[in-house]
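>>> mind looking at a prediction? Sequence and model below.
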Amino acid sequence: MPRELVTIQVGQCGNQVGCRFWELALREHAAYNTKGVYDEALSSFFRNVDTRVEPPRNLPVGDGRGPIRTLKARSVIVDMECGVINEMLKGPLGEVLDTRQLVSDVSGAGNNWAHGHHVYGPQYHDAILDKIRLTTEDCDSLQSFMLLHSLGGGTGSGVGTYILRMLADEFPGVFRFTGSVFPSEEDDVVTSPYNALLALGQLVEHADCVLPIENQALIDITNRADAAREKAAGGGGAPGGTPAAPTTAASSKPFDSMNSVAASLLLHMTASVRFEGPLNVDLNDITMNLVPYPRMHFLLSSMSPLLPPPRERDVGRQALALQPRTLDQVFGEVFSRDHQLIRADPRNATYLACGLIARGPTATISDINRNVARLRPQLRMVHWNSEGFKLGICSTPPVGCPFGLLCLANNTAIASTFTTMKERFDKLYRRRFYTHHYEQYMDCSGFESAIELVADLTRQYQELDGATRAPAITRLRPRGLSFLP
Amino acid sequence: MPVITLQLGQCGNQLGCSFFHKLASELSANDYGYAAVNEYYRAGPDITSGIYTARSVLIDMEPKVVAGARASAAASGSWWRYSSTGYLVMQSGSGNNWSQGFHGYGPRVHDAALELVRREVEAADCLTGFLLLQSMAGGTGAGLGTYVAQALKDEYHAAFITNCCVWPYESGEVIVQPYNTLFTLSHLSDLSDGIVLLENEALHRTCAKLMGIARPSFTDMNGIAARALVSVLLPSQPRGPHSGGSHAPTHTSGGSGPGAATGSGASPGLQLPALRRTPGSGGRGVGSEGAAAAAGGSVLGAPRRSSASPASCPPPSTSPLADLVSHLCCHPAYRMLTLRAIPQLPPSSINFTTFTWPAILKRLRQMLVTGSVLEEGMDWSVTPHSAGSGPAALVAGPRVNRAVANWLVLRGQGAGGVDVADFADPALTAAWAVDPLSVSYNSHTFGRCQLSASLLSNDRRCVGPIQRMLEHAYGMLESRAFVHQYETYGMSVSDFQACFARIEDITQRYVRL
């Protein structure tokens, strides 16, 4: 019996990341599900629908050997303007995405968090809740929701956080993970600092676990990968006879590789839920081990390999040789600054908790332990968790690589991200620029409460930064031998 | 006398699978008698097919591992399977949360789990007790496992409960493992009749150093643990510690001295109580010598049945689990058992090794004296009379090991007669020990090694790891880290403190042995 995840993609960015996610998920399952059977791994993301009957009937997993009829993604798609969604539905994913799960409007939220949260949210409350309920009823045992959105715009951040609150009320027992794209500094939306901070306040309160992804970090990663690829292709192009392929051949849209990185994160995180391994890690294991205090649920993620490997015909053998060669190399990369999905250096800050999920048939517990022992002296761990790592091993590697590694860390470096966001917010808020747009839909206490929540959290993180020395502990007296000195 | 095994959580299921595989291969290789097979397997649903069903209940809160275990048992070539209905799985896992396993899932699966156990109990003609295999660091094995142990204790108060608990790597597998392990330990110390602690760290080093496996995986470590467990749980006959199998250091050390329980007990402390059934004439091993072990491999025939020639009538097998628990864990405050099984050799070296009893016994004794579970790297300068052995040693992990009781199992040719009086040294055990040494033997070879010996001791080796885990747990509790996750299921800080106090209790008692 499967454990399902329902993805809720909100807003333009959320839908584009979601789109890419479904493509990569299909690719991964196609690679491992060679017999075309609807097994438990597939059922965590997809429904098997028999479209020959009317109304279309969901086929259960059964013994995991039934044939695949039509796969439909377990997702709810929300957007307040229909451009992105229409394009998605026209493309090859149109069959996988169910138009029954779609909520859209025409005019968009105008990059205004308050418009999204206080107007569209309540307006579409019933419609969205209905679609979500339909999706959850199709699930045998729902494990978690995954919300994909950005914080800088209006729909993703406003409606997205409204949905988050709704999920917290209506489905309290189901985990709420969010993949939140934080705006970069050169964001083309002027009011993105407001949107981001207001949304962040909601995330602090209502999400179980937030995976921040910074656009700027993704841009840097893809630029580095392109540069490396060009260098390799340029060097090896002549003798091999393989023409140096243009770097955008594999992806026709500019944001595709960035979205791939974000989507890969979700695939790695759920790998152990879907596939077998010697040491399984569930999503509730992640929330249990990596969230020491209720509100400190922001996890820095990094992984290797970052991008799904290009196909050889696109880039040539030389570039393919840039993929990491050994598992040890992968460990080193994952703790480096270049592989983080936000622009922070975790090594300069304190780790509160760290989880490592290794993928691949050759990864054993001794490999992980060896590498952790090698790298731990370079990391600053908080005093009450000086030894601890949460480890997981999944036998199925990522597509195209022999092994992969995901690192999810609860690290105080996030405080610097929050501080930067607050600074950008302050630049505008000091003079109350653009606040009249927001005050149309909400009163200024909304700003104040968000500011307070974020400041509180930042302070909590900053207090733990550098807390690497343990205070004196009073041990308890054994009860049975209290007469002894 | 059947024993029902419960495999709880991912670790418990993986270990249980290895355990039954190893047991099956040993039972195929040598003839231990029908009762030995009957203890852990019952004749399958289809009697004519020769397939046996393991007396086991598999419980996990997520479905993949149980499915894998059952599939591996059903792999072609083995004569045993898991029961087709004897398993319980749920969907969402326990999240490494002890309180979710204990307070959350426990009551929910109470009835279903007990129903499965009841079916196994009814299929057994008489029940000896339960063997629970679990890890201590996770959520299901630790939390739900403890709940199930409690439920079994309530339901079957006459049957004993033995736990085989896996202690996690000290370098960390799970971040909240200090909490989970200590909760499990404090509850089990009240419920269980004996807790065998298998340390992941020790198993890992055994694999790496002694077995020559460069990168040990969990499968390798489970194999070592299973081998050690099976080496004590296979049948064996009691005997005295002195040469010839006698209880008194007499001069007549003919090899035909009966190892019967009705020995002329010179030293009352070594008198074996009448719990044991007296073996038939000839306390020696089974007449079928040359029981050369079959090459293990994946194709296992049916368990050996003796050809019923009267001269080679196998002696009635004892139920090792019941006996060892009652001998070793006689005091309610001392229930922690350490398992040492030697020789620990890579399979490729076995044919090139010369086995002698003095070498094996000397190493095993020194392992006991230093508290090590590895066969090498011991400090040979330590003796039972060294400093740091008495009650005054209050440091964490005293240097010299002392036991409440020891059980020595010898397997191989001449096991019935070899002199093990060294193990009866009073300095090895506490002064008040009631039954410091029990010895038993079986002439069958074990695991392709000509001679092998295993020692199960109720000793203070566990103190070191427990103290270190307790330090971490104090640190975490002081900062109230992760406490809210446990509070969701109804635990509070006072529960943590009560648990830590109980653990201090246990360790202090062992330290002051």
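Alright, I've got the coordinates.

>>> for chain B, what's the nearest residue on the stretch 251-400 of chain A?
Closest residue of the stretch 251-400 of chain A to chain B, C-beta to the nearest C-beta: A:Asn284 (3.3 Å). Where you see a C-beta, it was placed from the backbone N, CA and C, and this is true even at glycine.

>>> that residue - how many residues pack around it?
25 (other C-beta atoms under 10 Å in any protein chain shown).

>>> helix or strand right after whatever helix or strand it lives in?
Per DSSP states H and E: A:Asn284 is located in helix A:283-290. As assigned by DSSP H and E, the chain's next helix or strand after helix A:283-290 is strand A:300-304.

>>> output the contacting helices and strands for that following strand.
Applying 3 or more C-beta pairs under 8 Å, 6 or more residues apart in numbering or on different chains; DSSP states H and E, one finds that strand A:300-304 contacts strand A:209-214, helix A:256-274, helix A:327-334, strand A:404-411.

>>> residues in contact with that strand?
A:211-213, A:264-265, A:268, A:324, A:330, A:333-336, A:339-342, A:344, A:346, A:404-411, A:413-414 (C-beta atoms under 8 Å, 6 or more residues apart in numbering or on different chains).

>>> from those, which would you call buried?
Neighbour-count burial (16 or more other C-beta atoms under 10 Å in any protein chain shown) is assigned, among the contacts of strand A:300-304, to A:211-213, A:264-265, A:268, A:324, A:330, A:333-335, A:339-342, A:344, A:346, A:404-411, A:413-414.

>>> how far away is the closest residue to A:Ala25 other than its chain neighbours from A:Val96?
Excluding the flanking residues, the one nearest A:Ala25 by C-beta to C-beta, 6 or more residues apart in numbering or on different chains is A:Phe45, at 5.5 Å. Per C-beta to C-beta, to the nearest Å, A:Phe45 is found 10 Å from A:Val96.

>>> so what's A:Glu185 up against?
Contacts of A:Glu185 by C-beta under 8 Å, 6+ apart are A:Gln216, A:Arg424.

>>> cool, and the one 10 residues further on?
Taking C-beta under 8 Å, 6+ apart, we find A:Asn195 in contact with A:Asn111, A:Asn112, A:Trp113, A:Leu151, A:Gly152, A:Gly153, A:Gly154, A:Ser157, A:Gly158, A:Pro183, A:Val189.

>>> name the helix or strand for it, please.
Short version, using DSSP H and E: A:Asn195 is in helix A:192-206.

>>> so for that helix, mean pLDDT?
Per-residue pLDDT over helix A:192-206 has a mean of 93.

>>> burial count for A:Pro67?
10.

>>> quick check: bridge partners of it?
The partner list for A:Pro67 in beta bridges (DSSP bridges) reads A:Val37.

>>> that one reaches A:Gly36, doesn't it?
Yes: the pair A:Pro67 / A:Gly36 is scored as a contact, 6.2 Å apart, by C-beta atoms under 8 Å.

>>> identify the contacts common to the two.
By C-beta under 8 Å, 6+ apart, no residue touches both A:Pro67 and A:Gly36.

>>> pLDDT score assigned to A:Asp367?
pLDDT at A:Asp367 comes out at 87.

>>> check contacts around it.
Contacts of A:Asp367 (C-beta under 8 Å, 6+ apart): A:Leu327, A:Asp328, A:Ala358, B:Arg215.

>>> farthest pair in these?
A:Ala358 and B:Arg215 (12.4 Å; C-beta to C-beta).

>>> what angle sits between the helix holding A:Asn195 and strand A:209-214?
Using axes from the mean of the first three to the mean of the last three C-alpha atoms, to 10 degrees, one finds that helix A:192-206 and strand A:209-214 are set 160 degrees apart in direction.

>>> dump helix A:192-206 to PDB, restricted to CA.
C-alpha atoms of helix A:192-206 as PDB (Å, rounded to 0.1, in the frame of the first residue of the first chain):
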ATOM      1  CA  SER A 192       9.300  41.400  -4.000                       C
ATOM      2  CA  PRO A 193      10.900  42.300  -0.600                       C
ATOM      3  CA  TYR A 194       7.400  43.000   0.800                       C
ATOM      4  CA  ASN A 195       6.000  39.900  -0.700                       C
ATOM      5  CA  ALA A 196       8.800  37.800   0.500                       C
ATOM      6  CA  LEU A 197       8.800  38.900   4.100                       C
ATOM      7  CA  LEU A 198       5.000  38.700   4.400                       C
ATOM      8  CA  ALA A 199       5.100  35.200   3.000                       C
ATOM      9  CA  LEU A 200       7.900  34.300   5.200                       C
ATOM     10  CA  GLY A 201       5.900  35.200   8.300                       C
ATOM     11  CA  GLN A 202       3.300  32.700   7.200                       C
ATOM     12  CA  LEU A 203       5.800  30.000   6.500                       C
ATOM     13  CA  VAL A 204       7.200  30.400  10.000                       C
ATOM     14  CA  GLU A 205       3.800  29.800  11.500                       C
ATOM     15  CA  HIS A 206       2.200  27.200   9.300                       C
END
